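Enquirer: model the structure of this input:
(one chain, ligands or ions: 1)
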Amino acid sequence: MDRLVIRGGKRIEGSVQICGAKNAALPQIAASLLSSEPLELRNVPEVTDVNTMLSLMRELGVVATHGAGRSLVLDAGGARNAQAPYELVRRMRASILVLAPMLARFGSARVSLPGGCAIGARPIDQHLKALESLGANVEMEGGYIHAWTNGNGLRGNRIVLSSPSVGATETALMAAVLACGESEILNGARDPEISDLARCLVAMGALIQGVGTHRILVQGVDALHGARHELITDRIEAGTYAVAAAITGGHLEILGAHLEHLGSVVAVLESAGVQIWPTDRGLMVVRSGTLKSVDVSTEPYPGFPTDLQAQFMALMAIASGASVIRETVFESRFMHVPELGRLGANISLQGSTALVRGVERLHGAEVMATDLRASVSLVLAALVAEGETTVNRVYHLDRGYESLDRKLVQCGADIRRVVG
Ligand code: UD1
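Expert: So this is what the prediction gives:
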């Protein structure tokens, strides 16, 4: 298992290029199943989660071909109604995103239940409720979800989600585009990755209105056709590099980042004493003064993203004063807390709330990566820790960050990957 050896104390400076968004890529790869004609996606990031999704697509008979410019052509012309096996689904929960397109295109689908997850229970009830609202039958059999339609396929209807789940909104959208008649999706999530999925579906011939709002209207069509679509850039990757610049007192241009995708993150970072402004090519992030403590609550978009909570906690670990960080999206998403403690952070946990008392300095130590965002928070903390930090199990990082260590080294960090 690879590990990263990081020597802290270097400023993050210069510029860094942000990749296409992993969380836009995964649903859009699944969406290729909706058509028998090829879908070409551009700006697809080279991360393990994308490879896992592609393994699943191949299992379902989709031919995936990589081309120039990080393009990926997905040809589901020969796709078959195979089941999505436990072996692949357990590796990545987003595999559940193949359920709706398989059901919409073939009239039935069998997908393994995703099982437990390191960041809370993460049920899929809202996905199933959305499909049932469109007339699907759903049963659990031997650890598999079996969904099927009676004769005439899915029927347009009102889908009311009880919480704005990102995945369930995507499931609802992908099912509704091929349902007969009109569907209304209420209380869905409004994340930029969902709007990007909708743009991709529209390019394939879908009829969708109200994207980015709590009321999405879909007029079902008989079939979707081939299309070409470029993914939006990864706002979580952009936010992570913003924290890297902020935590080291650096000065970084984040190429390809968009202010409007970051929602409340910009205001929170500004309150912490970080300056951020748009440039022709992305965003400039500078921190020259003292870091101030700021209280934050994670919320559905455009609130502060749960996917940046761990990184922000690393930043608050060295801010002056005390910060209260509340996690409201996922239960028990605090696995980074004890590991940040090993680096000298002073954090106490009570339920879904962390109290972070800023310390003057962190110290290098050996730490363990536990999930994608938890592990990157350890890398960020290590950038300012005195001495050497070893981050073990970095395969978690590779799931969602393309070349994180190489990019940080290009911006001045002292990081070595030990392959093993
Ligand atoms: C997506 C992102 C993930 C991000 C999360 C929240 C992808 C591939 N992953 O995950 O990086 O952290 O959004 O922004 O896009 N829930 C239910 N029932 C359901 C579905 C979800 O109760 O049927 C709950 C979950 O347990 C969780 C909350 O809703 O507490 C949010 O989950 P959701 O928005 O669905 O996250 P994902 O789509 O899995």
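
Enquirer: show me what contacts the nearest residue to Leu26 once chain neighbours are set aside?
Expert: Once flanking residues are discounted, Leu26 sits nearest to Ala94: 4.5 Å by C-beta to C-beta, 6 or more residues apart in numbering. For glycine as for every other residue, the C-beta is placed from the backbone atoms N, C-alpha and C. Contacts were defined as C-beta atoms under 8 Å, 6 or more residues apart in numbering; by that measure Ala94 touches 23, 26-27, 49, 53, 167.

Enquirer: again with Glu182
Expert: 156, 217-220 are the contacts of Glu182 under C-beta under 8 Å, 6+ apart.

Enquirer: and the residue nearest to Leu26, that's in a strand?
Expert: No - read with DSSP: H, G, I helix; E, B strand; the rest coil, Ala94 is helix and lies in no strand.

Enquirer: still on that earlier bit, list buried residues within the contacts of Ala94.
Expert: Buried subset of those (neighbour count, 16 or more other C-beta atoms under 10 Å): 23, 26-27, 49, 53, 167.

Enquirer: highest neighbour count among the contacts of Glu182?
Expert: Within the contacts of Glu182, most neighbours by other C-beta atoms under 10 Å means Val218, with 28 neighbours.

Enquirer: which residues does the host helix or strand of that residue contact?
Expert: According to DSSP states H and E, Val218 maps onto strand 215-219. Strand 215-219 has contacts (C-beta under 8 Å, 6+ apart) with 156, 169, 172-173, 176-177, 179, 181-186, 188, 198, 206-210.

Enquirer: now Ala245. Nearest residue, chain neighbours left out?
Expert: Leu252 (3.7 Å).

Enquirer: the strand or helix carrying that neighbour: how far from the chain's middle?
Expert: Assigned by DSSP H and E, Leu252 belongs to strand 251-255. From the chain centre to the centre of strand 251-255 is a distance of 21 Å (C-alpha atoms, centre = their mean, to the nearest Å).

Enquirer: now for it, which elements pack on it?
Expert: Using 3 or more C-beta pairs under 8 Å, 6 or more residues apart in numbering; DSSP states H and E, the elements in contact with strand 251-255 are strand 13-17, helix 235-247, strand 282-286.

Enquirer: of the ones you listed, which is nearest Leu340?
Expert: helix 235-247 (12.0 Å; C-beta to C-beta).

Enquirer: what does this protein put close to the ligand?
Expert: Proximity of the chain to the ligand (C-beta under 6 Å from any ligand atom) is limited to residues 23, 26, 93-94, 120, 122-127, 163, 165-168, 189, 193, 305-307, 329-330.

Enquirer: can I get the buried part of those residues as one ChimeraX selection?
Expert: To isolate the buried members of the residues of the chain next to the ligand in ChimeraX, using 16+ other C-beta under 10 Å:
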select :23,26,93,94,122,124,126,127,165,166,167,168,189,193,305,306,307,329,330
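
Enquirer: averaged pLDDT, stretch 212-227. What do you get?
Expert: Averaged across stretch 212-227, pLDDT comes to 96.

Enquirer: my error: substitute stretch 136-154 in the last question.
Expert: The model assigns stretch 136-154 a mean pLDDT of 92.

Enquirer: how about that stretch: buried residues?
Expert: Neighbour counts over stretch 136-154 (16+ other C-beta under 10 Å) mark 136, 138, 144-145, 147, 149, 153-154 as buried.

Enquirer: could you do stretch 244-259 as well?
Expert: Neighbour count says stretch 244-259 has 244-258 buried, by 16+ other C-beta under 10 Å.

Enquirer: show me the two of those residues that sit farthest apart.
Expert: Pairwise over the buried residues of stretch 244-259, using C-beta to C-beta, the maximum falls at Gly249 and His258, 24.5 Å.

Enquirer: where does the prediction get shaky in the chain?
Expert: Counting by pLDDT under 70, the chain shows low-confidence ranges at 115-122.

Enquirer: got the domain boundaries for it?
Expert: 3-19+233-418, 22-230 (automatic domain parsing).

Enquirer: the first one: end-to-end distance?
Expert: Taking C-alpha to C-alpha, to the nearest Å, domain 3-19+233-418 runs 5 Å from one end to the other.

Enquirer: next one: the longest one
Expert: One end of domain 22-230 sits 12 Å from the other (C-alpha to C-alpha).

Enquirer: quick one: distance of it to the chain centre.
Expert: The chain centre lies 15 Å from the centre of domain 22-230; the measure is C-alpha atoms, centre = their mean.

Enquirer: from the ligand, how far off is Gly321?
Expert: Distance, Gly321 to the ligand, using C-beta to the nearest ligand atom, to the nearest Å: 28 Å.

Enquirer: the contacts of strand 215-219 in strands, which ones?
Expert: Residues of those located in strands (DSSP state E): 182-186, 207-209.

Enquirer: need the contact partners of stretch 229-238.
Expert: So stretch 229-238 is in contact with 18-25, 28, 39-45, 192-193, 196, 199-200, 203, 254, 256-258, 261-262, 265, 282-283, 305, 307-308, 373, 400-402, going by C-beta under 8 Å, 6+ apart.
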